[in-house]
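Trainee: Show me the folded form of this:
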Amino acid sequence: MSYTVGMSRSETPREDRGSVRQSINIEMFKAMERKTSLRTILRSLQLPFVFSTASKIFDFWGRILKVNQTSLAPFHTGQAAISPWFITGFTDAEGCFSILIQQNVKYKTGWRVKAIFSIGLHKKDIAILEKIKSTFGVGKIHKQGKDAVQYRVESIKELQIIIDHFDKYSLLSAKIADYLLFKEAFNIIKLQEHLTVEGLNKLVGIKASLNLGLPLNLKEAFPKVVSFNRSEYIFKGISHPDWVAGFTSGDGSFNIKISRFTTNKIGSRVQLRFSITLNIREKELIKGLLLYFNLGYLNVPPLPSMKELGTGVQDISDKYIYVWKDTVGLQVMNFSDITDVIIPFFDKYRVHGQKSLDYEDFKKVVEICKAKDHLNSEGLKKIMDIKLGMNRSR
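Mentor: Purely as a prediction, here's the structure:
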């Protein structure tokens, strides 16, 4: 049956109205894939009562998907949807909460202030930033030099969305202390208290405790600044597997080691390793990851504190956890742990970006080793070729 746009609702057979609605819903799904605007869909449908019934249906979709009626593009990332817990995990690894304080005579206090949430990556991983930007629906992606890109949110209105996210999906690493200071600064700016001398001094005090502290010019301009107390970091456990996927996408590593080995015919040994290496202050998080993967201990052995490291404790290692200087790491090298725990986990909870390519290559080597082909020259050459294209060589 054919329809014309000019046909009125009363002229449309009742039994055909359901099929019309079905057609519109089908076009809706197609539009999500094509990033097509509502205006274009309405023009192409050529259906009856399209500007009444169709609009109501699109209003419904708009409420469900929280989109407006001019474009569906913000809901299309080109890849699978990204989990809010993934974003939190990735931010724990790669995100930054900062306060910009610059001299500017246009302001009554003589200083311009901005709160900034940012994630900076190599340009090869811009797809991750695009997904995060699409999920939040705010912020911009900028080039930084030749090979880097940065996702950045700095307006107070848009930062409210960021604050709401991390209040709901809390950071799990020591970075949460930075976030809580950042949130204090956000509230001061939101209330416009930064436009007063008292509010400005508070912000300088917060910045003094945030990240790397105050640069020299601010130390000289605010010599009597009182630093804010940082919240004591207490690791509270891992909340969701997608957090692990996000954190691994930032700080994890899948790598292959090939070394000389005299006890087999080929003269080489292939080792697969999944690892995460962090600052020693994250030792509880590393222990938490070990327990989360159920690898080994019911009670993880105690690890040295920063104070103990300063007294000569420099190298502690066992099957899963190692400490070297001011770093602590999780490493999984046992082949059965990799095949029975690590691979099944990351097959279900996917890493993103360039690291996902490393993971796929990692799995190829696992399959070669499963077949024992790493013990012959042809299989070893395949592994060497795969290794050459992984990680920083990609």
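
Trainee: where does the stretch 1-150 of the chain dip in pLDDT?
Mentor: Counting by pLDDT under 70, the stretch 1-150 of the chain contains low-confidence ranges at 1-81.

Trainee: rerun that using 50 as the cut-off
Mentor: 1-80 (pLDDT under 50).

Trainee: For Leu290, give me the pLDDT.
Mentor: On the pLDDT scale, Leu290 is placed at 91.

Trainee: Could you look up the SS state of Ile141?
Mentor: The three-state label given to Ile141 by DSSP: H, G, I helix; E, B strand; the rest coil is strand.

Trainee: Run through the bridge partners of it.
Mentor: Tyr151 (DSSP bridges).

Trainee: who does the one helix or strand Lys283 maps to touch, helix- and strand-wise?
Mentor: Per DSSP states H and E, Lys283 falls inside helix 283-292. Packing partners of helix 283-292 (3 or more CB pairs under 8 Å, 6 or more residues apart in numbering; DSSP states H and E): strand 268-279, strand 321-324, strand 327-332. Placement of C-beta: from N, CA and C, glycine included.

Trainee: and it, C-alpha only, in PDB?
Mentor: The C-alpha coordinates for helix 283-292 follow below in PDB (Å, rounded to 0.1, in the frame of the first residue of the first chain):
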ATOM      1  CA  LYS A 283      49.700  -0.900  47.100                       C
ATOM      2  CA  GLU A 284      46.200  -1.700  48.500                       C
ATOM      3  CA  LEU A 285      44.700  -1.300  45.000                       C
ATOM      4  CA  ILE A 286      47.200  -3.800  43.600                       C
ATOM      5  CA  LYS A 287      46.400  -6.200  46.500                       C
ATOM      6  CA  GLY A 288      42.700  -5.600  45.700                       C
ATOM      7  CA  LEU A 289      43.200  -6.600  42.000                       C
ATOM      8  CA  LEU A 290      45.000  -9.800  43.100                       C
ATOM      9  CA  LEU A 291      42.100 -10.800  45.300                       C
ATOM     10  CA  TYR A 292      39.500  -9.700  42.600                       C
END
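
Trainee: Identify all contacting residues around it.
Mentor: By CB atoms under 8 Å, 6 or more residues apart in numbering, the residues outside helix 283-292 that reach it are 172-174, 234-235, 237-238, 244, 276, 278, 296-297, 300, 303, 320-321, 323, 328-330.

Trainee: Okay, buried residues for that helix please.
Mentor: Residues of helix 283-292 classed as buried by neighbour count (16 or more other CB atoms under 10 Å): 283-291.

Trainee: if we can go back for a sec, and the helices and strands packed on helix 283-292, which one is worst for confidence?
Mentor: strand 321-324 has the lowest average pLDDT among the helices and strands packed on helix 283-292, namely a mean of 87.

Trainee: from the chain's centre, how far out does that strand sit?
Mentor: In terms of CA atoms, centre = their mean, to the nearest Å, the centre of strand 321-324 is set 25 Å apart from its chain centre.

Trainee: That one pairs with which strands, parallel or anti?
Mentor: In the sheet, strand 321-324 lines up with strand 315-317 (antiparallel), strand 327-332 (antiparallel) (DSSP bridges).

Trainee: Could I get the phi/psi values of Gly380?
Mentor: For the record, residue 380 is Leu, not Gly. phi -60, psi -40 (degrees, to the nearest 10).

Trainee: Read off the pLDDT value for it.
Mentor: Predicted confidence (pLDDT) for Leu380: 91.

Trainee: dump the residue contacts of it.
Mentor: Contact analysis of Leu380 by CB under 8 Å, 6+ apart lists 258, 266, 268, 270, 374.

Trainee: Thought Val270 was touching the first one, still the case?
Mentor: Yes: applying CB atoms under 8 Å, one finds Ile258 in contact with Val270, separated by 5.7 Å.

Trainee: can you count the residues close to the residue nearest to Phe274 when sequence neighbours are not counted?
Mentor: Once flanking residues are discounted, Phe274 sits nearest to Val332: 4.5 Å by CB to CB, 6 or more residues apart in numbering. Neighbourhood size, Val332 [other CB atoms under 10 Å]: 21.

Trainee: ok, now which ones touch Val332?
Mentor: 273-275, 293, 295, 320, 338, 341-342.

Trainee: Distance-wise, check it relative to Pro241.
Mentor: 16 Å (CB to CB, to the nearest Å).

Trainee: that older thread, can you redo the helices and strands packed on helix 283-292 as CSV with distance to Arg392?
Mentor: Output for the helices and strands packed on helix 283-292, formatted as CSV (distance: least, CB to CB, whole Å):
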stretch, distance to Arg392
strand 268-279, 15
strand 321-324, 20
strand 327-332, 18
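
Trainee: Ok, which of those strands comes nearest Lys131?
Mentor: strand 268-279 (21.5 Å; CB to CB).

Trainee: Domains of this protein: list them as residue ranges, please.
Mentor: 14-75, 84-221, 241-393 (automatic domain parsing).

Trainee: Give me the buried positions along the helix or strand harbouring Ile132.
Mentor: Using DSSP H and E, Ile132 maps to helix 126-136. Applying a neighbour-count criterion of 16+ other CB under 10 Å, one finds 126-136 buried in helix 126-136.
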